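**Q** kindly return the folded structure for what I paste below:
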Amino acid sequence: MLSVWFAFLLAAVPQQALDSGQQAFQAGDLTRAEQLFREHLKTHPNSAEALSNLAAVHARREQFAEAIPLYQKALHADPNLIPIHFNIAVSLGRLQRYREAADHLGVFLKSYPREARAHQLLGLCLAEMGDLARAVAELETSYRENARDSSIVYSLAYAQVRAGDPDRAAELLARSEANPVQSKLIQGLIEYQRGRFEEARVFFEEVVSADPNNAPAMAALGRLNLLAHSDAKAIAYFERTLKLNPADSESTYQLGVLYERNERAAEGVAMLKRALTLRANYPDPHYQLGRIAFRAKDYRTALKELEEARRLLPDQEAIRFMLGRTYQAVGREAEAKIEFDEVRRLKAAVIERSRLRVESDALMK
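**A** Predicted coordinates for the structure are as follows:
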């Protein structure tokens, strides 16, 4: 559906084969359209219009791997045909190449900042990459532009609950039209965020029963089993999740942790490193890689990973404590003391916040 959008934006060109090809495309005669676009390219091999329309034919057939290089050639032939960026992003997204898709959507939105569907697609790509704050921002923009589109409502509710705002997700869900599978998925995520894990499990299992290829529900069941220390079940769910969505950075990370603690250390390290390629500025895999290296007395690697984790997440006690132990192990006592002092400060700050919250609750009674 989305892959044909570009055809409507192209200016008409006089060549008969190209015009006839576009007409055949709109009529759904893809075989005829492909023949005509290829005929035009024989005499005009650098025609951005013909290349992009031929790519749209492949995309309509769900031949996304064939469509992408044609879109790229079209952009090379005429970089000013900005709508091509939207179409190539759709194809890249369907191949789960979310980072590349997000880059193209960013270019497109500079010229078409009020295109709700582009903001929605960018938000979904960012959510799959684990960049939830930016995902929510894009999806909120999409929702403001077209609040009546139920697919946008569900996308935003999904991102909001993953980002830790179940109340906003519930509010959106209450406004939406009924879609049993999507509703159950979001309701399960809301229950998960509120700590009602058994209630969440029921929703997720119902989603998987209705849609066995629902990767978000599969990943959620993996996290629930991880919390319950059912490692074998968690591993199975995360492995199934990654078969459905290899670009899921969080599930990749969780599977790495599970492999490593279940005597599959080499596989675990490989998964943790892969998680870093899937999501920028992701501190958790750096921490785990540093912890593993410390245990193996590979202090050079441990310092590199833990210092990067500290840079990305400076107020995390576990990171600062492990880094302090590593400095201590290599004889850098002054730096170790700084880290241990920071751990004490962070712990004291947590205690103080808890005290203030208790006093505030008492005043409200």
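
**Q** how would you label residue 65: helix, strand or coil?
**A** Classification of residue 65 by DSSP: H, G, I helix; E, B strand; the rest coil places it in helix.

**Q** state the number of residues packed around residue 263.
**A** Residue 263: 8 surrounding residues under other C-beta atoms under 10 Å. Any C-beta I mention is one placed from the backbone N, CA and C, and that applies to glycine too.

**Q** contact partners for residue 66?
**A** For residue 66, the contacting residues are 55, 58, by C-beta atoms under 8 Å, 6 or more residues apart in numbering.

**Q** please shift the residue numbers so they start at 699 in all later answers.
**A** I'll keep to 699 as the first residue from here, and by that count the last item is residue 764.

**Q** where along the stretch 699-848 of the chain do the helices fall?
**A** Taking DSSP state H, counting those that start in this stretch, the helices of the stretch 699-848 of the chain run over residues 703-707, 714-724, 728-741, 746-758, 762-775, 781-792, 796-809, 814-827, 830-843, 848-860.

**Q** quick one, the helix or strand residue 968 falls within and helix 814-827 angle?
**A** Residue 968 belongs to helix 963-976 when elements are defined using DSSP states H and E. Put simply, helix 963-976 runs at 150 degrees to helix 814-827, going by axes from the mean of the first three to the mean of the last three C-alpha atoms, to 10 degrees.

**Q** contacts for the next helix or strand after helix 963-976?
**A** The helix or strand immediately downstream of helix 963-976 is helix 981-993, counting by DSSP H and E. Under the criterion C-beta under 8 Å, 6+ apart, residues 951, 954-955, 958, 963, 966-967, 970-971, 973-974, 997, 999-1004, 1006-1007, 1010-1011, 1014, 1016-1017, 1020-1021, 1023-1024, 1027 lie in contact with helix 981-993.

**Q** among these, which lie within helices?
**A** In this view, the contacts of helix 981-993 that belong to helices under DSSP state H are 951, 954-955, 958, 963, 966-967, 970-971, 973-974, 997, 999-1004, 1006-1007, 1010, 1016-1017, 1020-1021, 1023-1024, 1027.

**Q** now list the buried members of the residues you listed.
**A** 951, 954-955, 958, 966-967, 970, 973-974, 997, 1000-1001, 1003-1004, 1006-1007, 1010, 1017, 1020-1021, 1023-1024 (16 or more other C-beta atoms under 10 Å).

**Q** in this structure residue 756 contacts residue 769, no?
**A** No: taking C-beta atoms under 8 Å as the definition, residue 756 is not a contact partner of residue 769, at 9.3 Å.

**Q** higher neighbour count, these two?
**A** Neighbours around residue 756 and residue 769, counted as other C-beta under 10 Å, are more numerous at residue 769. The numbers are 31 against 21.

**Q** which stretches of the protein have low pLDDT?
**A** Across the chain, the stretches falling below the confidence threshold (pLDDT under 70) are 699-713, 873-877, 978, 1050-1063.

**Q** point to the residue nearest the middle of it.
**A** Among the residues of the chain, the one closest to the centroid is residue 826, at 1.4 Å (C-alpha atoms, centre = their mean).

**Q** for that one, what are its contacts?
**A** Applying C-beta under 8 Å, 6+ apart, the residues near residue 826 are 794, 796, 943, 945, 946.
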